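Q: everything below, folded, please.
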Amino acid sequence: MWDLIPPATIGPLHVGMTKAACIDCLGDRFTQFKRFAEHDEYELDFRDEHVQVLLSVGDVIRNISVFRPREVKLSGIQLLDVEIGVVETQLREAGFNVEACDAGLWLPSEKVVLVVVDGRIDGVQIETI
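A: Residues are numbered from 1 along each chain as shown. Modelled structure (predicted):
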């Protein structure tokens with residue numbers, strides 16, 4: 001189980017961490033690809049760990065995405081593999097500002113996107129852009 005600590009940390013990973021430090025945490029089993037051919041940024045997909053990181057120029061983490069079945073909690077609230085309505089209610093009751101977005105739910109103060117697939121939270125992404 002990993003804790004989400006806004007604005008920049010999920011589990012052992014944090015925005016600004018180097019590629020080398022990320023590999024030290026998650027291991028060297030990953031694939032590397034460019035999200036967009038015209039950009040210098042690229043992603044590392046740690047499929048076995050259910051994690052993707054977007055690296056900016058300089059090989060530092062810019063965004064972190066974590067997917068189910070991994071467990072991620074924000075202020076004690078389990079985010080992944082839970083129905084969207086349940087998570088939204090729990091977050092609002094805990095005092096978080098929650099907005100609907102194309103991907104699912106957006107927590108603007110925390111800069112976190114909760115990605116919904118088939119009515120359940122499938123991914124958590126820290127957005128730094």
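Q: find the least confident helix or strand in the protein, judged by mean pLDDT.
A: Every helix and strand in the chain was compared by mean pLDDT, DSSP states H and E; the lowest is strand 31-33, with a mean of 91.
Q: and Leu26, what does it touch?
A: Going by CB atoms under 8 Å, 6 or more residues apart in numbering, Leu26 touches Leu13, Phe46, Glu49, Val51. All C-beta spots, glycine's among them, are computed from the backbone N, C-alpha and C.
Q: which of these has the most neighbours?
A: Val51 (23 neighbours; other CB atoms under 10 Å).
Q: so who does that residue touch?
A: By CB under 8 Å, 6+ apart, Val51 lies in contact with Leu13, Leu26, Asp45, Ile64, Ser65, Val66, Phe67, Arg70.
Q: take those and lay them out in TSV including pLDDT.
A: What follows is the contacts of Val51, written out as TSV (pLDDT from 0 to 100):
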residue	pLDDT
Leu13	96
Leu26	96
Asp45	96
Ile64	96
Ser65	96
Val66	97
Phe67	97
Arg70	94
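Q: what's the neighbour count on Arg68?
A: 18.
Q: likewise for the one 5 residues further on?
A: For Lys73, the number of neighbouring residues by other CB under 10 Å comes to 14.
Q: surely it forms part of a helix?
A: No. Assessed with DSSP: H, G, I helix; E, B strand; the rest coil, Lys73 is strand; it does not lie in a helix.
Q: now His14: closest residue in space, sequence neighbours ignored.
A: Distances taken as CB to CB, 6 or more residues apart in numbering put Ala8 closest to His14, at 5.0 Å, once the chain neighbours are dropped.
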